[in-house]
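Undergrad: using only what follows, build the 3D model:
(one chain, ligands or ions: 2)
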Amino acid sequence: MADYVLAIDQGTTSSRAIIFDKHGSIVSTGQLEHEQIFPKAGWVEHDPKEIWANTREVIGQALGKADLTRHDIAAVGITNQRETAVVWDRTTGEPVYNAIVWQDTRTQDIVDRLAADGGVERFKAKVGLPLATYFSGTKIVWILENVPGAREKAEAGDLIFGTTDTWVLWNLTGGVDGGVHATDVTNASRTLFMDLETLQWDDEILGIFGVPRSMLPAIKSSSEVYGTVESSSLLRETPIAGILGDQQAATFGQAAFDAGEAKNTYGTGNFLIFNTGEEIVHSKNGLLTTVGYKLGDQPVHYALEGSIAVTGSLVQWLRDNLGIISSAPEVEELAKTVEDNGGAYFVPAFSGLFAPYWRPDARGALVGLTRYVNKGHIARAALEAIAFQTRDVVEAVNADAGIDLTELRVDGGATANDTLLQFQADILGVPVVRPVVAETTALGAAYAAGLAVGFWADLDDLAKNWQEDRRWEPSMDEAEQGRLVRNWKKAVTKTLDWVDEDVR
Ligand SMILES: Nc1ncnc2c1ncn2[C@@H]1O[C@H](COP(=O)(O)OP(=O)(O)O)[C@@H](O)[C@H]1O
Ligand SMILES: O=P(O)(O)OC[C@H](O)CO
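TA: Numbering: from 1, shown residues only. Ligands and ions are numbered 1, 2, ... in the order given. Take a look at the predicted model:
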C-alpha cells in the first residue's frame with residue numbers, strides 16, 4: 001500500500017527529499033547542499049549536474065532512513081528555486097553553461113537594452129513582471145549570446161531551457177531517453193514569457209527577446225501526472241504528479257488556498273505571497289503579479305508577490321564573509337548580546353533592491369555607524385533588516401488589496417529565530433504565526449502530487465492538516481515602531497543611485 005508522498009525541494013542552497021504521510025507529517029528527510037559559484041561580483045551560478053546528482057542521492061537518503069521502497073510512494077512532487085535558468089542539449093543531456101541563479105545580476109545590460117523601448121514595465125500588463133535580471137528571460141538571452149555555438153544549436157532545436165523543476169523532471173523521466181520537457185504554470189509565470197490570461201508562451205515577447213519557442217517546456221497545471229520515473233531509479237514507475245515554484249508551494253503548504261490569504265517565507269530571500277483568487281491584480285506598489293496555483297482543469301489562482309532578494313543570505317554573509325558567527329543560528333545569540341541596534345541599520349541591497357523598490361542601482365549599506373557599534377549590533381541590524389524589508393512588502397500588499405493583514409503566517413529556515421519573529425511582530429504591529437510543519441514548501445509540492453493521484457481527496461482534506469505551532473504577539477509601542485521604521489526608510493535612501501558608470 002502506498003501510504004506516503006515524496007517531495008523533492010530543489011532550493012537555492014540545497015536539495016531535499018521529504019517523505020510525508022497522509023496527515024502531512026514528515027516521515028523522513030534527505031538533504032545535500034550544493035556549491036554556490038560566484039565567478040564575478042554579481043554573478044551567481046550552480047552546477048546543474050551537481051544538482052541532479054544530489055537530487056538522486058537525497059531521494060535514496062529519504063527512502064533509506066524510513067526503510068521505504070517505491071511501492072510505499074504514491075506520487076512524487078517537485079518544488080524548486082524559481083527563475084534559475086538551465087539550458088542543455090537535448091541530444092546529450094549536457095548543460096551548455098552553469099545554471100544562472102535568480103540572484104545573478106549579470107544581465108542588467110540586456111534588461112536596459114530591452115527597456116530602452118517602453119521602460120521596465122514594457123511587458124508588465126501581460127506577464128505581471130517588470131523587466132529585471134531576477135527573471136529567467138534575460139538569463140536565457142545571456143546564454144544564447146555568450147556561449148559559443150549556443151544560438152545556432154538553439155535555432156536547430158537541440159537546446160532546451162528549464163527552471164530546475166524542469167531539469168529534475170526531464171532527468172527523472174529518462175533524460176535523453178524520452179525525458180518529459182515540461183514545467184507548471186507557476187514556474188512559467190516567472191520567465192517574462194507567459195501571458196497571465198492565456199497561460200501560454202507569448203510569441204511576440206519571445207520574438208523580441210530572440211528566444212526560439214522550441215527551447216521552452218510545455219506549460220502544465222501544478223497538479224497532474226507529467227510522467228513516471230525512469231527504470232533505473234529507486235522510484236521507477238512512480239508518477240510525478242505535482243510541480244509548484246517553491247514560494248507558491250509554501251503558500252499551498254500553508255493551506256492559503258483562498259483569495260485574501262497570505263504567507264511569508266524566510267529562506268535565502270523572503271517571499272510574501274498574497275492569494276488574489278481568480279482575479280489578476282496589477283500592483284501599484286511594486287509587487288509582482290504571478291500564478292498562485294492551478295489544479296488540473298480547475299480555474300487558475302493568481303497572487304501578488306513581494307520578493308526580497310537578501311534575508312537569510314545576509315546571515316550567511318555574516319558567517320562566510322565576515323566570520324562573526326560560525327553558523328546561521330548563532331546570529332541570534334550574537335544579536336542578544338545587545339539591547340538594540342545601537343543606531344546601526346543594514347540595507348542588504350547586494351543584488352540591488354527587489355520589492356517594493358525595484359532599484360538595480362542600489363548596493364548594500366551599513367549606516368548609522370559610530371564607535372559604539374559592535375558585532376552584536378551588526379547581527380541585530382541584520383535580523384532587523386529582514387523584518388523591515390518584510391514590513392515594506394506588507395505595506396504594499398495592504399495598499400494594493402485595500403486591506404490590513406491581521407496576522408502573518410510564516411515559514412522557512414530563518415523562522416527558527418525567535419528574536420527575529422518577535423521583532424517582526426513588533427515592527428508589523430500584527431501577530432506572526434508559525435505552523436507545526438515549517439517545511440511548507442515541500443509539503444505544498446507533496447499536496448499537489450497527492451491530489452492528482454487521489455492520495456488526498458480535496459483541499460478540505462489538506463486544510464485539516466494545518467496546525468499552529470507558535471504565535472508572536474506585537475509588544476512594541478507605536479512611537480518606537482514609528483521611529484525605527486522612519487530610520488529604516490532613511491537608510492534605504494542611502495543605498496540608491498550607487499551603481500553608475502564608475503561602479504558596475
Ligand atoms: N536561526 C536562524 N536565524 C536566522 N537565519 C537563519 C537561521 N537558520 C537558518 N537561517 C537562514 O535561513 C536560510 C535557510 O533557510 P531555507 O528555508 O532552508 O532556505 P532555502 O530554501 O532558500 O535554501 C539560510 O539563508 C540561513 O542563513
Ligand atoms: O530557494 P529559495 O527558498 O531561496 O527560493 C528562491 C525563490 O524561488 C526565488 O524566486
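Undergrad: need the residues of the stretch 251-400 of the chain near ligand 1, please.
TA: Counting by C-beta under 6 Å from any ligand atom, the stretch 251-400 of the chain comes close to ligand 1 at Gly267, Thr268, Gly312, Ser313, Val315, Gln316, Ala328, Pro329, Val331, Glu332. Placement of C-beta: from N, CA and C, glycine included.
Undergrad: make CSV from these and add secondary structure and pLDDT to it.
TA: What follows is these, written out as CSV (DSSP: H, G, I helix; E, B strand; the rest coil; pLDDT from 0 to 100):
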residue, secondary structure, pLDDT
Gly267, coil, 91
Thr268, coil, 88
Gly312, helix, 95
Ser313, helix, 93
Val315, helix, 97
Gln316, helix, 94
Ala328, coil, 96
Pro329, coil, 97
Val331, helix, 98
Glu332, helix, 98
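Undergrad: are any of those buried, and which?
TA: Neighbour counting over these (16 or more other C-beta atoms under 10 Å) leaves Gly267, Thr268, Gly312, Ser313, Val315, Gln316, Ala328, Val331, Glu332 as the buried ones.
Undergrad: surely the first one and Gly413 touch.
TA: The reference is to Gly267. Yes - under the contact definition of C-beta atoms under 8 Å, Gly267 touches Gly413, with a separation of 5.6 Å.
Undergrad: mutual contacts of those two, please.
TA: Gly312 (C-beta atoms under 8 Å, 6 or more residues apart in numbering).
Undergrad: what's the closest of the residues of the stretch 251-400 of the chain next to ligand 1 to Ile59?
TA: Within those, the smallest distance to Ile59 is 21.3 Å, found for Gly267 (C-beta to C-beta).
Undergrad: so where's this structure uncertain?
TA: In the predicted model of the chain, residues 1, 504 satisfy pLDDT under 70.
Undergrad: near ligand 2, which residues of it show up?
TA: 11-12, 81-83, 102, 245-247, 267-269, 307.
Undergrad: among these, who's most crowded?
TA: Counting neighbours by other C-beta atoms under 10 Å, Gly245 comes out on top of the residues of the chain next to ligand 2 with 34 neighbours.
Undergrad: that one touches Arg82, doesn't it?
TA: Yes - the pair Gly245 / Arg82 is scored as a contact, 4.0 Å apart, by C-beta under 8 Å.
Undergrad: what is in contact with the two at once?
TA: The contact sets of Gly245 and Arg82 overlap at Thr163, Thr186, Asn187, Arg190 (C-beta under 8 Å, 6+ apart).
Undergrad: and the first one, what is it in contact with?
TA: Put plainly, it is Thr163. Contacts for Thr163 (C-beta under 8 Å, 6+ apart) come out as 80-86, 136, 183, 187, 190-191, 245.
Undergrad: do the same with the third one
TA: Each residue near Asn187 by C-beta under 8 Å, 6+ apart is listed here: Asn80, Arg82, Thr163, Asp165, Thr166, Ile243, Leu244, Gly245.
Undergrad: double-check that it belongs to a helix.
TA: Yes - applying DSSP: H, G, I helix; E, B strand; the rest coil, one finds Asn187 inside a helix.
Undergrad: okay, and which of the contacts of Thr163 map to helices?
TA: Here DSSP state H is the test, and the contacts of Thr163 give Ser136, Asn187 as lying in helices.
Undergrad: any chance of the contacts of Thr163 in JSON lines, with distance to Val432 too?
TA: JSON lines is the format used below for those (distance: C-beta to C-beta, whole Å):
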{"residue": "Asn80", "distance to Val432": "26"}
{"residue": "Gln81", "distance to Val432": "24"}
{"residue": "Arg82", "distance to Val432": "24"}
{"residue": "Glu83", "distance to Val432": "27"}
{"residue": "Thr84", "distance to Val432": "29"}
{"residue": "Ala85", "distance to Val432": "33"}
{"residue": "Val86", "distance to Val432": "35"}
{"residue": "Ser136", "distance to Val432": "32"}
{"residue": "Thr183", "distance to Val432": "32"}
{"residue": "Asn187", "distance to Val432": "28"}
{"residue": "Arg190", "distance to Val432": "26"}
{"residue": "Thr191", "distance to Val432": "32"}
{"residue": "Gly245", "distance to Val432": "23"}
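Undergrad: what's the closest non-adjacent residue to the single nearest residue of the stretch 151-300 of the chain relative to ligand 1?
TA: Of the stretch 151-300 of the chain, the residue with the smallest distance to ligand 1, taken as C-beta to the nearest ligand atom, is Gly267 at 2.9 Å. Excluding its sequence neighbours, the residue lying closest to Gly267 (C-beta to C-beta, 6 or more residues apart in numbering) is Gly412, at 4.4 Å.
Undergrad: the one you found reaches Ala250, doesn't it?
TA: Yes - applying C-beta under 8 Å as the test, Gly412 and Ala250 come out as touching, 7.3 Å apart.
Undergrad: what about these two, which has more around it?
TA: The neighbour comparison of Gly412 against Ala250 (other C-beta under 10 Å) goes to Ala250, with 31 against 25.
Undergrad: are we agreed that that one is in a helix?
TA: Yes - under the criterion used here (three-state DSSP), Ala250 sits inside a helix.
Undergrad: that one contacts Glu439, correct?
TA: No - shown here, Ala250 and Glu439 do not form a contact pair, counting by C-beta under 8 Å, at 9.1 Å.
Undergrad: shared neighbours, these two?
TA: Counting by C-beta under 8 Å, 6+ apart, the contacts common to Ala250 and Glu439 are Asp411.
Undergrad: what's the helix or strand in which Gly292 is found in contact with?
TA: Using DSSP states H and E, the element containing Gly292 is strand 288-293. Strand 288-293 has contacts (C-beta under 8 Å, 6+ apart) with 124, 128-130, 185-186, 188-190, 196, 199, 222-223, 244, 248, 251-252, 273, 275-276, 280-283, 300-307, 355, 448.
Undergrad: so who does the closest residue to Thr191 other than its chain neighbours touch?
TA: Spatial nearest neighbour of Thr191, excluding adjacent residues (C-beta to C-beta, 6+ apart): Ser136 at 4.3 Å. Counting by C-beta under 8 Å, 6+ apart, Ser136 makes contact with Glu83, Thr84, Ala85, Phe161, Thr163, Arg190, Thr191, Leu192, Phe193.
Undergrad: run the last query once more with 7 Å
TA: Glu83, Ala85, Thr163, Arg190, Thr191 (C-beta atoms under 7 Å, 6 or more residues apart in numbering).
Undergrad: before we move on, the earlier item: out of the contacts of strand 288-293, which end up buried?
TA: 124, 128-130, 185-186, 188-190, 196, 199, 222-223, 244, 248, 251-252, 273, 275-276, 280-281, 283, 300-307, 355, 448.
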